[in-house]
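Visitor: here are the coordinates; sequence isn't available:
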């Protein structure tokens, strides 16, 4: 099996759904393409400069994986999420480059095109033309793995354009996966072969946390994940204020536009920044309570937070907001709160949970059922692939 994966996340430095899925396609040859940067992005983003340099140096980012090759894509024109004509021009250029990758890696004509962005709707036809294959056959072998409500992101986008591209991609491709129920309900109106496959956890790694001895101050609250606009920072501040003798650790990368200056006002708040995944169990072992805090908006309702499933795998008590919606499926083993006051009360209840509570084993069992191995097995069963994980 050959897979051409057009990702929306760079393979490095930290794993998301894209890497976890492709890493488990162990019987396939995978070409993983990092998302392209725009021509103007290097003017303001150091990481964009690095990606552009990688492309100019030959494109291939790493050779360390036996079945996955990672490439940096050529730069594209900006505003493609505002003007469909710009996206079509970008994707036509990208198709020529992708056709070269397909030939260079000796892919068969029946390779799978695995997409994560609505913008990929305009790459299928020109790619088929470049390779001299039937476009309808390539559409049948195209997978759209939808991980977000892309039109809800802030920035230089036109939601109607993004939604239109997504509808075109979802309605014509062979298989659609969705990470959240809201995404699934929308996309299944375009494609009967649509399946809800939420995100998962590296269970073997995070379940190790239960074997590690806690150290440091108590109570210790911890948040792990992307610090972005859809996080409820009012609740995080409320936790810091309500437990002044305790500690709140924020682990994860802060996205542009997020104001973290409030942290300086709280001596009991620690901003750790990005931590390699392999080191997270050693950090989480010191948490008394893991926090899942999302603001109630269009974007957060349809996210599938990886760290939520990793929290479950540790067995630690979890206090969560009612969004994203899918956390309510775990109401029997976590603490779900509505509003700041209730959130603090649920934190107190979580702190009072006995060390030997059966809830801890229940959370680990639920986390194991959400492992990436199980998620990818479900995907492969749907795709009808034999072998591998």
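Guide: That came through, no problem. Computed from a predicted model, the values in this text were never measured in an experiment. Numbers count the residues shown, from 1 in each chain.
Visitor: when you work out contacts or count neighbours from here on, use the C-alpha atoms and nothing else.
Guide: Noted.
Visitor: now do the helices in the stretch 151-300 of the chain.
Guide: Listed in chain order, the helices of the stretch 151-300 of the chain (DSSP state H, counting those that start in this stretch) span 159-172, 181-187, 203-206, 233-242, 280-284, 298-301.
Visitor: closest one to residue 147 among those?
Guide: Put simply, out of these the one that sits nearest residue 147 is helix 181-187, at 8.1 Å, with distance taken as CA to CA.
Visitor: for the closest residue to residue 229 other than its chain neighbours, what are its contacts?
Guide: Nearest residue to residue 229 in three dimensions, chain neighbours excluded: residue 258, at 6.2 Å (CA to CA, 6 or more residues apart in numbering). For residue 258, the set of contacting residues under the criterion of CA atoms under 8 Å, 6 or more residues apart in numbering consists of 227-229.
Visitor: would you mind measuring from residue 258 to residue 283?
Guide: Using CA to CA, to the nearest Å, one obtains 23 Å as the distance from residue 258 to residue 283.
Visitor: re earlier: who wins for neighbours among the contacts of residue 258?
Guide: Note: the member of the contacts of residue 258 with the most neighbours is residue 227, at 21 neighbours, neighbours being other CA atoms under 10 Å.
Visitor: show me the beta-bridge partners of it.
Guide: According to DSSP bridges, the residues that bridge with residue 227 are residue 254.
Visitor: would you confirm that it contacts residue 254?
Guide: Yes. Between residue 227 and residue 254 there is a contact under CA atoms under 8 Å: 4.6 Å.
Visitor: give me the common contacts of these two.
Guide: Between them, residue 227 and residue 254 share no neighbouring residue, with contact defined by CA under 8 Å, 6+ apart.
Visitor: so which bits of stretch 292-302 are buried?
Guide: By neighbour count on 16 or more other CA atoms under 10 Å, the buried set for stretch 292-302 is 292-296, 299-302.
Visitor: can you check stretch 182-191 too?
Guide: By neighbour count with 16+ other CA under 10 Å, stretch 182-191 contains the buried residues 182-184, 187-188, 190-191.
Visitor: and residue 45, how many neighbours does it have?
Guide: The number of residues packed near residue 45 is 11, by other CA under 10 Å.
Visitor: same check, this time on residue 282
Guide: Other residues within reach of residue 282, judged by other CA under 10 Å, total 15.
Visitor: and if you look at residue 352?
Guide: Residue 352 has 11 neighbouring residues, counting by other CA under 10 Å.
Visitor: I'd like to know how far the residue nearest to residue 229 sits from residue 237.
Guide: If you measure residue 258 against residue 237 using CA to CA, the figure is 15 Å.
Visitor: and if you look at residue 112?
Guide: According to CA to CA, residue 112 and residue 237 sit 46 Å apart.
Visitor: who has more neighbours, these two?
Guide: Neighbour tally, residue 112 and residue 237, criterion other CA under 10 Å: the higher count belongs to residue 112, 20 against 17.
Visitor: let me know the pLDDT of that one.
Guide: pLDDT, the model's per-residue confidence, is 98 for residue 112.
Visitor: swap in residue 243?
Guide: Reading off the confidence values, residue 243 has pLDDT 98.
Visitor: again with residue 39
Guide: At residue 39, the pLDDT value in this model is 84.
Visitor: same check on residue 326?
Guide: Looking at residue 326, its pLDDT stands at 89.
Visitor: surely it meets residue 183?
Guide: No. Taking CA under 8 Å as the contact criterion, residue 326 and residue 183 are not neighbours in contact, 11.5 Å apart.
Visitor: stretch 201-214 - what's its average pLDDT?
Guide: If you average the pLDDT over stretch 201-214, you get 96.
Visitor: list of residues touching that stretch?
Guide: By CA under 8 Å, 6+ apart, the surrounding residues in contact with stretch 201-214 are 278, 280-282, 284-287, 306-307, 309-311, 313-316, 364, 367-368, 370-372.
Visitor: mind doing that once more with 6 Å?
Guide: Surrounding stretch 201-214, the residues in contact under the criterion CA atoms under 6 Å, 6 or more residues apart in numbering are 281, 285-286, 309-310, 313-314, 368, 371-372.
Visitor: with stretch 283-299 instead?
Guide: Contact with stretch 283-299 is made by 152, 209, 214-215, 220-223, 230-232, 317-321, as judged by CA under 6 Å, 6+ apart.
Visitor: distance of residue 300 relative to residue 77?
Guide: For residue 300, the distance to residue 77 under the criterion CA to CA works out to 29 Å.
Visitor: check residue 314 too.
Guide: Computed with CA to CA, the distance linking residue 314 and residue 77 is 43 Å.
Visitor: which of those two has more neighbours?
Guide: A direct count of neighbours by other CA under 10 Å for residue 314 and residue 77 places residue 314 higher, at 29 against 15.
Visitor: excluding its backbone neighbours, what's nearest the more buried one?
Guide: With sequence-adjacent residues excluded and distances taken as CA to CA, 6+ apart, residue 314 is closest to residue 207, at 4.7 Å.
Visitor: count of residues packed around that neighbour?
Guide: Using other CA under 10 Å as the criterion, the residues surrounding residue 207 number 23.
Visitor: let me see the mean pLDDT of the helix or strand containing residue 89.
Guide: Assigned by DSSP states H and E, residue 89 belongs to helix 84-104. Per-region confidence: helix 84-104 scores 97 on mean pLDDT.
Visitor: which helices and strands does it pack with?
Guide: Applying 3 or more CA pairs under 6 Å, 6 or more residues apart in numbering; DSSP states H and E, one finds that helix 84-104 contacts helix 124-131.
Visitor: what residues are up against residue 2?
Guide: Going by CA under 6 Å, 6+ apart, residue 2 touches 28-29, 111.
Visitor: ok, and the most crowded of the residues you listed?
Guide: residue 29 (20 neighbours).
Visitor: backbone phi and psi for it, please?
Guide: Backbone dihedrals for residue 29, given as degrees, to the nearest 10, come out at phi -100, psi 120.
Visitor: which among the contacts of residue 2 gets closest to residue 333?
Guide: Closest to residue 333, out of all of the contacts of residue 2 and judged by CA to CA, is residue 28, at 37.0 Å.
Visitor: distance of the closest residue to the closest one other than its chain neighbours from residue 380?
Guide: Once flanking residues are discounted, residue 28 sits nearest to residue 1: 4.7 Å by CA to CA, 6+ apart. In this view, residue 1 and residue 380 are 12 Å apart by CA to CA.
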